[in-house]
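In: Got a predicted model here, sequence first, then my questions.
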Amino acid sequence: MPRRSYKNSPGKKPSVGKRTGGKPKRGARKPTAKTTQSEPKSQSSAPKKRTAGKRTAGKGTAGKDAAKRTATKRTRRTPAAATTSTRDQPQRLQRLLAAAGFGSRRQCESLIEEGRVEVDGEIASELGTVVDPKSSKVLVDGVPLRQQKLVYYAVNKPTGFLSTNADPRGRQRVIDLVPNSERVFPVGRLDQSSQGLMLLTNDGDLAQQLSHPKYGVRKVYRVTVAGKIDGETMRSMRKGIYISDGFVRVEGAKIVKSRARATEMEITLREGKNREIRRILARLGHKVQTLRRIAIGPLRIGDLPVGAHRVLSRDEVSRLRKAIEHSREEVAEETPRRRPAGKGTKKRSAKKKSTGKRRRAESRSDVTARRTSRKPATTKFSFKPKKSDEGGSIIGGD
């Protein structure tokens, strides 16, 4: 095929997409009969050349309007804590029981698994059963389920009281400190030898969110320990240590007052395991003398007397819900994201395999070198023949 010549621009090839000397665009179709018969386009209808990075006067607002439209489309999801109540809508059975004041969701799940719950005359033993509270008849231990008014109590728990609803030994319970008009249960726990702020409610959703580790609501404690706390102990508490339940650490720790034989501290936790503060300090060599919880999220104990209670206001409950959502976002940001499957996993695994093989080979070579460097344990015999009086040697004798 003969090479095309460029007469109008000798020595240079035109760039693709430009017209040179009336020639058709490179790679364009040949004109057909229909196109030749059509009238030529005017200059006004000819395509205008676009200038990159420049805007025509009077048309620069188009991009802004498009950005506004896309921004308005991205609506933020309503947080779970701020949604409207769904008590009259079909929902899972354990959630319905928790809202009715039969305990937290885990406690209600135990009731279902034990076969103590009936729905429309049949025992419901499967978790996740969806129930319509308007049309379904639910019985717990033969007692009909009734929707209660949500109540919220703040209690200053004394020492010696149990944070449980049932005790076969008949010991004192925290729920005995509030009126028994509504069936309530404690949110979280405080051991028998501790005191301080506790929440009692029949709102199962709020109790679940305040006590679940994934929400990470801060709880502040005032602790008195034996001895003096040094900087190394404070760093270990913040950095984290291992106990029987695994790795634990405090969110914050500061010394309030230091005396000769005792130290008063303020400790903040996000996840409260069973006797966590006592076990952490015991692991570091300090015995807890007194432990008192003074705050749960934005709610503080204030000047509430020991053994007394008060009803939370709507504003306090609303601030608790906002704190739950805020803490959940903080925990989600602090949690490291896992690498998606298929992105760099093969290379990383191959590198690990090669490193492991090299280490095993080096270890085998070291063992071989140590074995070869050892000298065999041989017994040396020195044989010196006796000399006779005549000058000869005696090999053997009687």
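Out: Done, it's in.
In: Any stretches of the chain with poor pLDDT?
Out: Within the chain, the segments meeting pLDDT under 70 span 1-88, 335-398.
In: what domains does the record give for it?
Out: Domain assignment for the chain by automatic domain parsing gives 91-144, 152-334.
In: Mean neighbour count for those - can I get that in JSON lines?
Out: Yep, even glycine has a C-beta here, placed from its N, CA and C like the rest. Shown next, in JSON lines, are the domains of the chain (neighbours: other CB atoms under 10 Å):
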{"stretch": "domain 91-144", "mean neighbour count": "16"}
{"stretch": "domain 152-334", "mean neighbour count": "16"}
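In: Surely Leu150 is in contact with Asn202?
Out: Yes - if you go by CB atoms under 8 Å, Leu150 and Asn202 touch, sitting 6.2 Å apart.
In: Which residues are in contact with each of the two?
Out: Between them, Leu150 and Asn202 share no contacting residue under CB atoms under 8 Å, 6 or more residues apart in numbering.
In: Let me see the ranges of the helices in this protein.
Out: Here the chain has its helices, by DSSP state H, at 33-37, 61-73, 93-99, 105-113, 204-211, 231-239, 276-283, 314-334, 345-373.
In: so who does the residue nearest to Val225 when sequence neighbours are not counted touch?
Out: Once flanking residues are discounted, Val225 sits nearest to His286: 4.4 Å by CB to CB, 6 or more residues apart in numbering. Under the criterion of CB under 8 Å, 6+ apart, the neighbours of His286 are Val225, Ala226, Gly227, Ile229, Thr233.
In: for these, which one is nearest Ala308?
Out: Closest approach between the contacts of His286 and Ala308, by CB to CB: Val225, at 27.1 Å.
In: In this structure the closest one contacts Leu291, no?
Out: No - using CB under 8 Å, Val225 makes no contact with Leu291, being 9.3 Å away.
In: what does stretch 244-251 contact?
Out: 218, 237-242, 267-271, 273-274, 276-277, 279-280.
In: does Ala226 have beta-bridge partners, and which?
Out: Assessed by DSSP bridges, Ala226 has beta-bridge partners Ala262.
In: Can you tell me how far it is from Thr159?
Out: Per CB to CB, to the nearest Å, Ala226 is found 17 Å from Thr159.
In: Repeat that for Asp176.
Out: For Asp176 relative to Thr159 (CB to CB), the value is 15 Å.
In: do the same with Arg238
Out: Taking CB to CB, one finds Arg238 at 28 Å from Thr159.
In: ok, now Pro305?
Out: With distances taken as CB to CB, Pro305 is found 14 Å from Thr159.
In: same thing with Ser135?
Out: Distance of Ser135 to Thr159, given as CB to CB: 47 Å.
In: swap in Gly115?
Out: 37 Å.
In: Also Thr224?
Out: Between Thr224 and Thr159 the computed distance is 13 Å (CB to CB).
In: Then Lys219?
Out: Distance from Lys219 to Thr159, by CB to CB: 18 Å.
In: next one: Pro298
Out: Pro298 sits 26 Å away from Thr159, taking CB to CB as the criterion.
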